[in-house]
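Novice: Quick one, what's the 3D model for this:
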Amino acid sequence: MWNILLDSLLQEAETWNVHVQAYADDIILIGTGKTASIIENKINTALNKISNWGFSSKMSFAAHKTQAILITKKYKYEMPNLKLSDTNIVFSENLKILGLNIDRNLNFVKHVQDTTEKAIVLYKKVSKTARAQWGLNSEILRTIYITVVEPTMLYAAACWGNKASRIQIRKRLDTITRVFCIMICKAHRTSSLNSCAALARIIPLDLRAQEELDIYEIKRGKSIEQLPGRKLAIPINPFNLPHPALRVPETYNDICTEKDVEMKENN
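Specialist: Numbers count the residues shown, from 1 in each chain. Purely as a prediction, here's the structure:
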């Protein structure tokens with residue numbers, strides 16, 4: 001019912017000067033502009049329309065829970081004054097959307113920091129049952145890492161994968177990779193990351209993040225840099241195939257005897 005009700009707002013928003021996206025009962029507005037006044041005008045106009053839509057639909061939006069973030073690379077800038085139902089919207093340095101922590105510089109350091117803390121909690125729990133001389137064996141630990149730790153660390157890597165090579169993010173990723181690799185291969189705690197990763201058969205997380213980003217972009221039509229001119233083989237939607245009556249038939253000959261085989265080989 002909510003999707004049906006919200007659909008009218010999304011259709012109306014197609015004519016606005018801002019991008020409107022809805023996730024369940026959350027609505028996101030994205031407005032761009034060269035100055036704060038342009039952004040303020042665009043967003044406030046859209047907020048007024050959304051507020052009026054909510055009033056006509058007999059519902060209200062929680063203005064005190066609404067957050068905003070200004071994404072800019074400028075050193076000096078003005079903050080736009082945004083209001084929803086005559087209530088000022090608070091600007092924050094980070095904004096969490098569907099588990100992805102977005103900062104105003106799009107560095108995603110805070111997001112990687114949060115996922116690193118989750119992975120450390122997992123490491124402490126697993127380390128209680130895995131020691132050098134007893135406990136879970138290496139294969140089980142490697143399975144736990146690949147199926148639990150990697151998905152946790154690589155969540156939304158399609159958004160932040162291009163930042164994985166930065167030193168701030170790479171250090172945090174390498175920390176998680178190293179502690180788990182040491183646990184998997186039962187190595188000494190002073191062992192290096194590269195040697196432990198090779199022995200544990202684990203790909204470092206910064207490379208895995210870049211891999212996730214590349215796969216995401218390739219699936220959406222980007223060419224493969226390592227194989228220029230080659231397209232990714234992906235399943236085709238059967239509804240996009242031509243009608244059976246319009247397909248070009250394949251010609252073939254029946255081969256039933258050894259004589260037919262010899263004739264085919266000679267030809």
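
Novice: just the strands in the stretch 51-200 of the chain please.
Specialist: Listed in chain order, the strands of the stretch 51-200 of the chain (DSSP state E, counting those that start in this stretch) span 67-68, 83-84, 87-88, 90-91, 94-97, 100-103.

Novice: Would you mind giving those strands as TSV with mean pLDDT added?
Specialist: TSV is the format used below for those (pLDDT from 0 to 100):
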stretch	mean pLDDT
strand 67-68	88
strand 83-84	84
strand 87-88	83
strand 90-91	85
strand 94-97	86
strand 100-103	89
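
Novice: and His188, which of those strands is closest to it?
Specialist: Distance to His188, taken as C-beta to C-beta, is lowest for strand 100-103 among the strands of the stretch 51-200 of the chain, at 34.5 Å. Every C-beta, even on glycine, is put in place using the N, C-alpha and C of the backbone.

Novice: Okay, now the sheet partners of the closest one, with direction.
Specialist: strand 94-97 (antiparallel) (DSSP bridges).

Novice: Could you pull out the helices in the stretch 51-200 of the chain for me?
Specialist: Along the stretch 51-200 of the chain, counting by DSSP state H, counting those that start in this stretch, helices occupy 109-127, 138-144, 150-153, 157-160, 167-185, 193-200.

Novice: quick check: mean pLDDT across the third one?
Specialist: Looking at helix 150-153 alone, the average pLDDT works out to 93.

Novice: Over to stretch 29-40?
Specialist: 87.

Novice: Can you get me the start-to-end distance on it?
Specialist: 12 Å (C-alpha to C-alpha, to the nearest Å).

Novice: and if you look at stretch 250-267?
Specialist: 19 Å.

Novice: Any chance of a markdown table for the strands of the stretch 51-200 of the chain, columns distance to Tyr75 and mean neighbour count?
Specialist: Shown next, in a markdown table, are the strands of the stretch 51-200 of the chain (distance: least, C-beta to C-beta, whole Å; neighbours: other C-beta atoms under 10 Å):
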| stretch | distance to Tyr75 | mean neighbour count |
| --- | --- | --- |
| strand 67-68 | 20 | 16 |
| strand 83-84 | 27 | 19 |
| strand 87-88 | 25 | 13 |
| strand 90-91 | 17 | 14 |
| strand 94-97 | 19 | 15 |
| strand 100-103 | 16 | 18 |
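
Novice: which one of these lies closest to Asn194?
Specialist: strand 100-103 (29.2 Å).

Novice: Please enumerate residues in contact with the closest one?
Specialist: Outside strand 100-103, the residues within contact range by C-beta atoms under 8 Å, 6 or more residues apart in numbering are 69, 71, 93-96, 108-111, 114, 155-156, 159-160.
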